[in-house]
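> sequence first, predicted coordinates after that:
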Amino acid sequence: TATALALLGPLIFMLKSETYLADNERAPTAQIRRRRLGVASLLSRRLGLDDYLDPKTEESKGDDYALMKSVVLPLGTTKVTIYRYQWTNANDDSSSFLDTEVLKRFGSGRASFNIVKNYTSIRGVHPSHFKGSSRLCNCLGAVEEALNAPCVAIQQHSHSSEVMDCYWNKMKCLYPNCKTVLVGDEKCKKTEMGFDGRTYFTSVHPQLGYLPLGPRKDTFTTMTKILSEAPLIQASSRHYVYNALFATSSHYNRGVLAKVIAENRESSGMRSFVHVPDRWGNETKSMLTQEDYVQVLLRSVFTLAPTGHNPECFRLHEAVEAGSIPIFATGDYYAVIPCKGSIDPWLESPMITLRNWDELYSTMQSLLQDPRELDRRQNEMRVWYVSYMRATVWDFENFVLSGYHDPYT
């Protein structure tokens, strides 16, 4: 029956998953605990599958990115249209998950997503022009698109309330039958606008559909190319112990970390790659090409991931996909961030979580004493990541498909 398939779907999906393991043993992984657990997570926990993985091992050269491939199940596929309704240019990172195939790589196969780009160039327009019945906010044409269901309309966050109100009204007019998703609101300032879903999870509104960031498009493209030509390096054989690639201006705890690095880097004797400007700009970005950045991740045992405007950042996803273990510190700031509980599931993953950055060097030194355990943690981190992303995308598929009835079934 349809009900049986819906319940067994995620279980079959998990059992067929391919994993990249360091050896042929079953490896325990951290449980995925989320306030919004999907059916997949619930079934796996009830049946005791949370702690074990498929023992099948694939370690052929050039196949390391096989871990990131999606599994297509014979459950039938529903076509979903995503309208990328943006007011900036195509290079914006806030909806990178559409360009890095997050929905395809980690999807169950229940939904096939078709991305429709609808860019609206309004840069340079004064916010006052959006007030009232400005022609920019009128709903004109393209109403036939709104008839396609199920569908999702994605809007970028703007610091201007006038811009947000204008495009929110216009989007709802153009796509009245679509679920709406806000991307880029990393400080959770627009949670009350009425969007059905968002990037940057917050436990204050757990009912909202949620999509993780994934890696940036350019990072994903470069990493895919590199990993198609060479195998992933085990943690114990990597050139750098850690990398520190962040600007200090987005959160005060980054300044705290920068100070800890300055005081301990030389005396620790650890080989590292450190690039910590006050803020990102053309002159600082030009010091590190995209390929150099990816190579640093691929050659680092650890990637330092301090909180920025939001604890969830592209760096977390990029590090794990590169096989580098993230290190995060909760400090006294995680409990008071605007997007409450932003990365709660990550805190229970194999990621290294510190109470404060003063613990950094002693923790790394301790972990380096056991190379085999280090390799196992690296592997467990990647396996956890795939399980987490698949469970999260499963939830998103439920969010998109809920309330939709295929007229042909």
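Yes, it's here.
> tell me which stretches of the chain form helices.
Ranges of helices in the chain, per DSSP state H, are 2-15, 39-46, 96-99, 102-105, 161-174, 217-227, 252-268, 282-285, 290-298, 314-321, 344-347, 360-367, 371-401.
> most tightly packed of these?
Per residue and on average, the most neighbours among the helices of the chain fall to helix 314-321, with a mean of 25 (mean count of other CB atoms under 10 Å). Bear in mind the C-beta positions are built from the backbone N, C-alpha and C, glycine included.
> what is that one packed up against?
Secondary structure elements in contact with helix 314-321, counted by 3 or more CB pairs under 8 Å, 6 or more residues apart in numbering; DSSP states H and E, are helix 217-227, helix 290-298, strand 300-304, strand 325-329, helix 371-401.
> and these as CSV, adding mean pLDDT?
Shown next, in CSV, are those (pLDDT from 0 to 100):
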stretch, mean pLDDT
helix 217-227, 94
helix 290-298, 95
strand 300-304, 98
strand 325-329, 97
helix 371-401, 96
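> on that earlier part again, would you mind saying which of the helices of the chain lies nearest residue 183?
helix 96-99 (8.3 Å; CB to CB).
> against which helices or strands is that closest one packed?
Counting contacts by 3+ CB pairs under 8 Å, 6+ apart, helix 96-99 is packed against helix 217-227.
> so the helix it packs on versus helix 314-321, what angle?
Going by axes from the mean of the first three to the mean of the last three CA atoms, to 10 degrees, helix 217-227 is angled at 10 degrees with respect to helix 314-321.
> quick one, helix 217-227 and helix 290-298 angle?
Helix 217-227 runs at 70 degrees relative to helix 290-298, counting by the same axes, to 10 degrees.
> so what touches helix 217-227?
62, 64-65, 93, 96, 99-100, 214-215, 290-291, 293-295, 297-298, 314, 318, 321-322 (CB atoms under 8 Å, 6 or more residues apart in numbering).
> may I see the buried residues of stretch 170-186?
Residues of stretch 170-186 classed as buried by neighbour count (16 or more other CB atoms under 10 Å): 170-172, 174-175, 178-186.
> and those as a markdown table, adding pLDDT?
Listed next are the buried residues of stretch 170-186 as a markdown table, based on pLDDT from 0 to 100:
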| residue | pLDDT |
| --- | --- |
| 170 | 76 |
| 171 | 79 |
| 172 | 79 |
| 174 | 79 |
| 175 | 83 |
| 178 | 89 |
| 179 | 91 |
| 180 | 90 |
| 181 | 92 |
| 182 | 91 |
| 183 | 90 |
| 184 | 86 |
| 185 | 89 |
| 186 | 89 |
